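> show me how the following folds:
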Amino acid sequence: MPAPSKLCRTGMTTKAGTPGLYRLLAWASPAFPTGGFSYSHGLETAVAEGAVHDRATLERWIAAVVVKGSGRVDADILRDAYRAAAEGDDSALADANRRGCAYRATSELALESGQQGTAFLAAYEAAWSAPDPPTPEPVLGPRFARTRGAWIPPSPACGRGATRTSRKTPLSLAGEAVSGRSPETGEGHCHAAAFGAVAARAGIALRDSLLGYLQAFAANLMSAGLRLGVVGQSDGQRILAALEPAITAAVEAALTRGPEDFGGATFAVDLASMAHETQYTRLFRS
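Numbering: from 1, shown residues only. The predicted structure follows:
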């Protein structure tokens, strides 16, 4: 394994392009199999109740989620996981993962983050880890081993810190049981923490990682609104274009925000998510 400082290397540009950028685009793409298409983050209830009903209200909803709600929390978790991974700090990485799993207002939002995180790591291990680690064997997810053991982000419900293992076992895909526990509890790896750790390992700049993650988050919510019939394709793209300044500002804020400012405040989103758990007709899982 390279020295911890090498995990944040930036000199990866070649004549063919920038490998780090290529990976960021792939991991933030809707084609990357995290299952994000199946979650609306409470938007489905907001549409059913008429709170979101056109382009303007959908744009405000997405902006609130990304800038003041889960997106704000995820940005801080991604930042902390990235820095911990870049420094080879297993304890800080485990803390970021646990905090990211715990700071979810409802069971469905916890499921959304946990299952996407687990699926993200499974897809990364299956297709992207082999050319990246300097060791012959693929390293499972964002594990940064200094010895023959490896860091494993713990379940938020297990009540213990990071563990060490020398056994290389594949992660379960989202929707599969892990260690005898049902995945419906939302247990698993925080998506933002996994994304940040893997981005650090790939040498992608932190600012770019935050921008890619938050843009993908906003795009997934826009896509949910499109499938719910709130907007069409053109208005959906107008929403993403209009959100560019807000998302860019959110990235800059995350880079300078102190730990005392951690958290979000989008109560309407939380209430919509709670109501979604008992909504009669549903297309989405959150």
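
> helices of this protein, start to end?
Counting by DSSP state H, the chain has helices at residues 19-28, 43-48, 55-68, 70-87, 90-102, 107-127, 191-201, 206-227, 233-256, 267-276.

> turn those into CSV, including mean pLDDT, distance to residue 37 and mean neighbour count.
Any C-beta I mention is one placed from the backbone N, CA and C, and that applies to glycine too. As requested, the helices of the chain are exported to CSV (pLDDT from 0 to 100; distance: least, C-beta to C-beta, whole Å; neighbours: other C-beta atoms under 10 Å):
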stretch, mean pLDDT, distance to residue 37, mean neighbour count
helix 19-28, 91, 14, 18
helix 43-48, 84, 13, 24
helix 55-68, 94, 16, 20
helix 70-87, 93, 17, 25
helix 90-102, 91, 21, 21
helix 107-127, 86, 10, 23
helix 191-201, 95, 14, 30
helix 206-227, 93, 7, 21
helix 233-256, 96, 14, 15
helix 267-276, 74, 16, 19
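
> figure out which of those is closest to residue 34.
Among those, helix 107-127 comes nearest to residue 34, with 4.3 Å by C-beta to C-beta.

> centre of the chain to that closest one, how far?
8 Å (C-alpha atoms, centre = their mean, to the nearest Å).

> repeat for stretch 29-47
12 Å.

> quick check: buried residues in that stretch?
Within stretch 29-47, the residues that qualify as buried are 32-36, 38-47, counting by 16 or more other C-beta atoms under 10 Å.

> now residue 103: closest residue in space, sequence neighbours ignored.
In space, and not counting its chain neighbours, residue 103 is closest to residue 73: 5.3 Å by C-beta to C-beta, 6 or more residues apart in numbering.

> look up how far residue 266 lies from that neighbour.
10 Å (C-beta to C-beta, to the nearest Å).

> equivalent analysis for residue 110, please.
In terms of C-beta to C-beta, residue 110 sits 15 Å off from residue 266.

> same question for residue 205.
28 Å.
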